[in-house]
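Chemist: using only what follows, build the 3D model:
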Amino acid sequence: MTKKIFAIIIAALICASFVFSASAYTQQYVIDYADKLSSSEIEELDSFAEKIEAAYGVTVLFCITEGTGDVTAAEFASGTYSDYTDNENGLIIVHDDWNKAYSVFTSGNADEYFSDAAIDSMTDAYDTDDSYYGGIYACYELAEEYLENGYSGGYVNDSEPLNNGTDTIGASEEKDGVSIIWLPVSLLIGLLVGFLIINSIASKNKSVHMQKNATVYTRPGSMVITGSADNFLYSNVEKKEKPKQQNKN
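Modeler: Just a heads-up that it's a prediction; the model follows:
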C-alpha cells in the first residue's frame, strides 16, 4: 500500500511539472542568430512583442543574422517566420548585419497595417539607435502605433484613414491569454490520469491470493510417496555382540 501511494505521488509531481512547464513557455519573437543581444534584453523585447500580439492579434518578429546561407533573403525571411510562429497575421523584419541589408516578409492582413513606408520608418528607427536593443524596441513602438491607429480609425498604410464605422477591417480578433484557472484543472486531470494508471498496474498484482492449504500449490498426484529408504553416505556401521551377564553365586 505504501508503494502504491508513493507511486501516485511521483506521478502527480511529474504531471504538475509538465503543467507548469507548459504555462511558463513564452514564444520567441526576437531571433538573434548574430549574438548581438543579451538574454535579458531578448526577454524584455519578447515581452513587448507578446503584448502587441495579445492586443491586436498580429505577430511582429525581428531577426538579426550574419548572412542568409544558401537561400535568398526573401526565402530566409519567410522560412524564419514560419519556424517561429503559426499566426497567419504578422510580419518579420530580418536584418542581415553582415551585408547591412534588410528583408521583410508579411503574412495575412499585416500588410493592411504595415505599408512599405511604415516598414521603412521602422528600419530607420532601428538604424538610428546606438544599440541593437534600443533599435528593436523603437521598431516595436512604431509597430504598436501603426496597429493602434488601425483599430482607432487612424491612418493605415500611411495613405488613407479608415472610417470610424469600419475601423477594425483587416484586424484579427484579440487573443485571450490562458486563464490561471487551467493550472489547477490541468493538475487535477494529471492526478486523475496518474491514479488510474497506477491503480491499473497495481490491480494486475492481485491475480494470485495466499492459500491456507499447501496442496493448492502442488500438482495433483505429484506428491504420492511410493517407497522409502534410509541411505547414509560416507558412514561406517559397526556391530558388536552385547556381552552376556554372568550370574553370581
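Chemist: could you use CA atoms for every contact and neighbour count after this?
Modeler: OK.
Chemist: lowest-confidence helix or strand of the chain?
Modeler: Lowest by mean pLDDT, DSSP states H and E among the helices and strands of the chain is strand 160-161, with a mean of 42.
Chemist: now the end-to-end length of stretch 125-140.
Modeler: One end of stretch 125-140 to the other measures 10 Å (CA to CA, to the nearest Å).
Chemist: swap that for stretch 84-98, sorry
Modeler: Stretch 84-98 end-to-end distance (CA to CA) = 22 Å.
Chemist: buried ones in it?
Modeler: Within stretch 84-98, the residues that count as buried by 16 or more other CA atoms under 10 Å are Thr85, Glu88, Asn89, Gly90, Leu91, Ile92, Ile93, Val94, His95, Asp96.
Chemist: so which residues make contact with it?
Modeler: Where contact means CA atoms under 8 Å, 6 or more residues apart in numbering, the residues beyond stretch 84-98 that reach it are 27-29, 34, 57-68, 77-78, 81, 101-110, 172.
Chemist: so what's the gap between it and the chain middle?
Modeler: Put simply, stretch 84-98 sits 22 Å off its chain's centre (CA atoms, centre = their mean, to the nearest Å).
Chemist: do stretch 100-108 as well
Modeler: Using CA atoms, centre = their mean, the offset of stretch 100-108 from its chain centre is 29 Å.
Chemist: mind saving the C-alpha coords of that stretch as CSV?
Modeler: Listed next in CSV are the C-alpha coordinates belonging to stretch 100-108 (Å, rounded to 0.1, in the frame of the first residue of the first chain):
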residue,chain,number,x,y,z
LYS,A,100,23.9,45.6,-44.0
ALA,A,101,20.6,44.7,-45.7
TYR,A,102,17.0,44.1,-44.7
SER,A,103,14.4,41.7,-45.9
VAL,A,104,10.8,41.7,-44.8
PHE,A,105,8.0,39.1,-45.0
THR,A,106,4.4,39.9,-44.3
SER,A,107,1.6,37.4,-43.8
GLY,A,108,-2.2,37.6,-43.7
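Chemist: sweet, I'm off.
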